[in-house]
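# Build the 3D model from these lines:
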Amino acid sequence: MRPALLALALMLAACGRAPVDTSADVASIETQMHQRFDRPDSRLEAGPVVVRGDHAIADWTQGPMGGRALFRRHNGAWSLVLCSGDGLRDQGYLTRARVPAADAEALVRLLADAERSVAPDRLAKMRAFSGTVTAEQMPS
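Got it, this is the predicted structure:
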């Protein structure tokens with residue numbers, strides 16, 4: 001288990017709340033990202049992925065590019081909503097994207113914790129993503 005995730009699990013246990021196992025959700029999201037965006041000449045690097053309720057944020061880099069992706073669970077299946085950069089680290093941005101306020105707050109906190117272990121050069125690629133691209137605007 002990553003140190004940040006272990007610390008979070010211990011903190012939640014100390015507060016009387018057992019951590020939720022999101023490993024199946026993370027695996028599903030990462031698999032979708034690889035299936036959609038991997039290319040023979042450039043494999044996507046996905047993660048960390050943080051999940052709260054029916055929403056998740058996944059960091060990604062691919063070659064010189066990077067960003068973050070917002071996913072939503074509907075009828076038990078995860079689907080890509082949009083890609084952006086640092087906007088997905090902002091609670092207000094997430095609530096405008098229809099993420100419930102409590103989940104948006106938790107996702108921002110979880111992502112900040114998870115990204116503490118991400119290399120600075122990789123974070124710089126994610127920050128460089130400009131604007132927002134919805135799933136409908138992306139090639140299949």
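# Now do the strands in the protein.
45-52, 55-62, 65-74, 77-84, 133-134 (DSSP state E).
# Tell me which other helices or strands the third one touches.
When you say that, I think you mean strand 65-74. helix 23-37, strand 55-62, strand 77-84, helix 120-127 (3 or more C-beta pairs under 8 Å, 6 or more residues apart in numbering; DSSP states H and E). Glycine gets a C-beta too; all of them are placed from N, C-alpha and C.
# highest average neighbour count across the ones you listed?
Burial of the helices and strands packed on strand 65-74 is given as mean neighbour count (mean count of other C-beta atoms under 10 Å); strand 55-62 ranks first at a mean of 23.
# what stretches of the chain score poorly on pLDDT?
1-19, 140 (pLDDT under 70).
# The same query, at a cut-off of 90, please.
Low-confidence segments of the chain (pLDDT under 90): 1-22, 134-140.
# rewinding a little: including distance to Leu111, could the helices and strands packed on strand 65-74 go into TSV?
Formatted as TSV, the helices and strands packed on strand 65-74 follow (distance: least, C-beta to C-beta, whole Å):
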stretch	distance to Leu111
helix 23-37	13
strand 55-62	5
strand 77-84	12
helix 120-127	10
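# rewinding a little: for the strands of the chain, which one sits closest to Arg122?
Relative to Arg122, the nearest member of the strands of the chain by C-beta to C-beta is strand 55-62, separated by 5.4 Å.
# Please name the residues that touch Met126.
Asp59, Trp60, Thr61, Gly66, Gly67, Arg68, Gly85, Asp86 (C-beta atoms under 8 Å, 6 or more residues apart in numbering).
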